[in-house]
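Undergrad: based on what follows, work out the 3D shape:
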Amino acid sequence: MLNKDDFSEEKLGELINYIHINDAIFLEKFDYFFPDFKKKISTMSKVSLSASEFKLCALLKLGFSTKQIALYTNSTIKSVEGKKYRLKKKLNLSSTSDYKVWFAEF
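TA: You can find the predicted model right below:
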């Protein structure tokens, strides 16, 4: 469970720096703040998710916009939109689901 005392703007800044450096380090740090998140996401999907899909889920959980995700992952907005669409299918989310609300509540 997330401890608000442990999670600050400084820690968020560290997570953002890890996004640029290395997926594994970012995911490891993200798992520290959200220990049950990966397990919950895995149970939602019928197929296993890749590290890049977990990274996308983590960024969506942190409330990043499509434009921000594209910036931080060195991708185009169009490719991020495609990844989000495929992720939505894998997680069996309805087409009317709002990512920000769904991930914030998850």
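Undergrad: my guess is Asn92 contacts Met44, does it?
TA: Yes: the pair Asn92 / Met44 is scored as a contact, 6.9 Å apart, by Cβ atoms under 8 Å. In short, each C-beta sits where N, CA and C put it, glycine included.
Undergrad: nearest spatial neighbour of the most centrally placed residue in the chain, skipping sequence neighbours?
TA: The residue lying closest to the centre of the chain (Cα atoms, centre = their mean) is Ala58, at 1.9 Å. Excluding the flanking residues, the one nearest Ala58 by Cβ to Cβ, 6 or more residues apart in numbering is Phe30, at 4.5 Å.
Undergrad: count the neighbours of that neighbour for me.
TA: Using other Cβ atoms under 10 Å, Phe30 is surrounded by 22 other residues.
Undergrad: that one contacts Phe37, correct?
TA: Yes: using Cβ under 8 Å, Phe30 is in contact with Phe37, at 7.4 Å.
Undergrad: okay, and the common contacts of the two?
TA: Residues within reach of Phe30 and of Phe37 at once, by Cβ atoms under 8 Å, 6 or more residues apart in numbering, are Ala58, Lys61.
Undergrad: which residues in this structure form helices?
TA: Remark: helices assigned in the chain by DSSP state H are 9-21, 23-33, 37-44, 51-61, 66-72, 77-90, 99-105.
Undergrad: turn those into a markdown table, including mean pLDDT.
TA: Conversion of the helices of the chain to a markdown table gives the following (pLDDT from 0 to 100):
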| stretch | mean pLDDT |
| --- | --- |
| helix 9-21 | 79 |
| helix 23-33 | 85 |
| helix 37-44 | 90 |
| helix 51-61 | 92 |
| helix 66-72 | 92 |
| helix 77-90 | 94 |
| helix 99-105 | 83 |
